[in-house]
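**Q** Let's see this in three dimensions:
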Amino acid sequence: MKDRILHEPSYVLHRHDWSESSLVLEVFTRHHGRIALIAKGAKRPSSNFRSVLLPMQPLRLSWSGKEEVRTLKSAEWGGGHVMPHGERLLSGYYLNELVMRLMAREDPHPDAFDAYVLAMHALQGEGAKEAVSGLRAFEILALQALGHLPDLQTQAHGGALQPHGAYRLTAEGGLQPEWEPEQTALSGEQWQGLDHALQAAAPFEALQHTWSTLPGSARAALRGQLKALLHYHCGMQNLRTRHITHTLQQL
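**A** Sure thing, here's the model as predicted:
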């Protein structure tokens with residue numbers, strides 16, 4: 001990485017205190033991946049950073065240094081949207097936790113970053129379906145960008161999918177034939193539809209549309225299989241934001 005980076009498209013994923021006046025930021029950037037920055041003096045009332053370094057906001061960041069934790073030099077709001085609220089705020093934190101858990105530092109994935117930007121825009125929309133389909137689209141595209149998404153045209157042990165067959169996505173084996181399709185499976189035709197969306201010129205929007213056209217049982221099955229696949233690659237049974245959402249839903 002260069003010693004000095006200027007005006008890099010970025011989002012703040014997480015922040016914690018470094019000293020009485022400074023913060024350490026975990027930042028998702030388009031061209032440099034996930035990096036750590038120290039924002040010196042960011043907690044002071046007079047700091048220009050105070051009103052800018054917020055999560056879920058498009059930023060243009062400049063920094064310098066060669067160490068693991070680099071020094072933030074400037075931060076500008078990129079404009080475009082405001083922070084989501086309510087359940088969508090939790091969804092935004094869920095996206096941030098996924099990036100923190102899935103992506104190693106300084107391992108850039110521009111396609112995943114672009115999908116993250118679109119997912120954040122979806123959380124700003126008025127329709128609940130748009131927000132949910134945006135989350136699923138990001139999950140699928142992030143898995144693909146990281147090389148964790150199996151081939152959606154082929155069975156795990158070889159051979160093309162049968163359009164009317166039933167298949168379940170597994171972390172270690174890819175698409176496996178499912179003998180209880182009413183519980184956990186999508187049809188071969190539905191998996192092929194998702195694969196076709198991934199090949200589209202605008203895959204995020206294509207995945208949103210494909211998700212919205214699936215019947216409710218297929219959406220539930222796909223959500224559960226994506227959840228299992230993500231947790232497998234995150235190395236944990238449950239994400240903190242999912243646990244919080246589940247707890248709030250029980251109140």
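
**Q** Now the spatially most central residue of the chain: closest residue in space, sequence neighbours ignored.
**A** Nearest residue to the geometric centre of the chain (CA atoms, centre = their mean): residue 95, 4.4 Å. Of all residues not flanking residue 95 in the chain, residue 119 sits nearest, at 5.8 Å (CB to CB, 6 or more residues apart in numbering). C-beta here means a position set from N, CA and C on the backbone, and glycine is covered the same way.

**Q** Now the helix or strand containing the one you found: average pLDDT?
**A** In this assignment (DSSP states H and E), residue 119 forms part of helix 110-124. The average of the pLDDT scores along helix 110-124 is 96.

**Q** which other residues reach it?
**A** Applying CB atoms under 8 Å, 6 or more residues apart in numbering, the contact partners of helix 110-124 are 9, 11, 28-31, 56, 58, 80-82, 84, 88, 91-92, 95, 99, 103, 130-131, 133-135, 137-138, 141-142, 144-146, 204-205, 208.

**Q** List only buried entries from the residues you listed.
**A** 9, 11, 28-30, 56, 58, 84, 88, 91-92, 95, 99, 103, 131, 133-135, 137-138, 141-142, 144-146, 204-205, 208 (16 or more other CB atoms under 10 Å).

**Q** Let me know the distance separating the residue nearest to residue 95 from residue 140.
**A** Distance of residue 119 to residue 140, computed by CB to CB, to the nearest Å: 11 Å.

**Q** Now do the contacts for the closest residue to residue 80 other than its chain neighbours.
**A** Here the nearest residue to residue 80 in space, its sequence neighbours aside, is residue 58; by CB to CB, 6+ apart that works out to 5.5 Å. Counting by CB under 8 Å, 6+ apart, residue 58 makes contact with 9, 11, 77, 78, 79, 80, 81, 117, 120.

**Q** one step back: next step: the buried ones among the contacts of helix 110-124 restricted to helices.
**A** Among the buried ones among the contacts of helix 110-124, DSSP state H puts 88, 91-92, 95, 99, 131, 133-135, 137-138, 141-142, 144-145, 204-205, 208 in helices.

**Q** Need phi/psi at residue 105.
**A** When read as degrees, to the nearest 10, the backbone of residue 105 gives phi -60, psi 140.

**Q** and for the longest strand anywhere in the chain, what are the contacting residues?
**A** Identified as the longest strand of the chain according to DSSP state E is strand 4-17. With contacts defined as CB under 8 Å, 6+ apart, strand 4-17 is touched by 23-32, 34, 43, 53-64, 73, 76, 78, 96, 99-100, 113, 116, 120.

**Q** Among those, name the ones in strands.
**A** Checked against DSSP E, these include these in strands: 23-29, 34, 59-64, 73, 76.
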